[in-house]
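In: Let me see the structure of the following:
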Amino acid sequence: MAEAIIDACCFINLYATDDLRGFLTASGWDWHIPRAVLAESLYVRTRGADGKESRERVEGTPYIAENLIRVVEVER
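Out: The predicted model follows:
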């Protein structure tokens, strides 16, 4: 199976689609995310039914718990 490391920009953009789980499972890849990327991925902008903009916290924990993403340490 192919492997990929996801960066903060990609993680936030995919999370913002509201179908991150679908993307991760459909890709057929083993996804890895550096611990620092999780720390950088804080919020996405959302707009409520009233049109008011707000921030939604990016939560990687469910995807990690389901083994869809594996947290890794970057070696120097």
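In: Give me the helices and strands touching the one helix or strand in the chain whose mean pLDDT sits lowest, please.
Out: Confidence across the helices and strands of the chain bottoms out at strand 43-47, with a mean of 88, counting by mean pLDDT, DSSP states H and E. Contacts defined by 3 or more C-beta pairs under 8 Å, 6 or more residues apart in numbering; DSSP states H and E place strand 43-47 against helix 8-16, strand 53-57. Bear in mind the C-beta positions are built from the backbone N, C-alpha and C, glycine included.
In: Any chance of these in TSV with mean neighbour count as columns?
Out: Below are the helices and strands packed on strand 43-47 laid out as TSV (neighbours: other C-beta atoms under 10 Å):
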stretch	mean neighbour count
helix 8-16	16
strand 53-57	10
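In: Quick check: which ranges of the protein have low pLDDT?
Out: Across the chain, nothing is flagged by pLDDT under 70.
In: Apply 80 and report the result again.
Out: Applying pLDDT under 80 to the chain flags residues 1, 76.
In: now the farthest one out in it, which residue is it?
Out: Using C-alpha atoms, centre = their mean, the residue of the chain lying farthest from its centre is residue 50. It sits 26.4 Å away.
In: out of the helices and strands packed on strand 43-47, nearest to residue 67?
Out: Using C-beta to C-beta as the measure, helix 8-16 is the one of these that comes nearest residue 67, at 16.3 Å.
In: What angle do strand 43-47 and that closest one make with each other?
Out: Per axes from the mean of the first three to the mean of the last three C-alpha atoms, to 10 degrees, the angle that helix 8-16 makes with strand 43-47 is 40 degrees.
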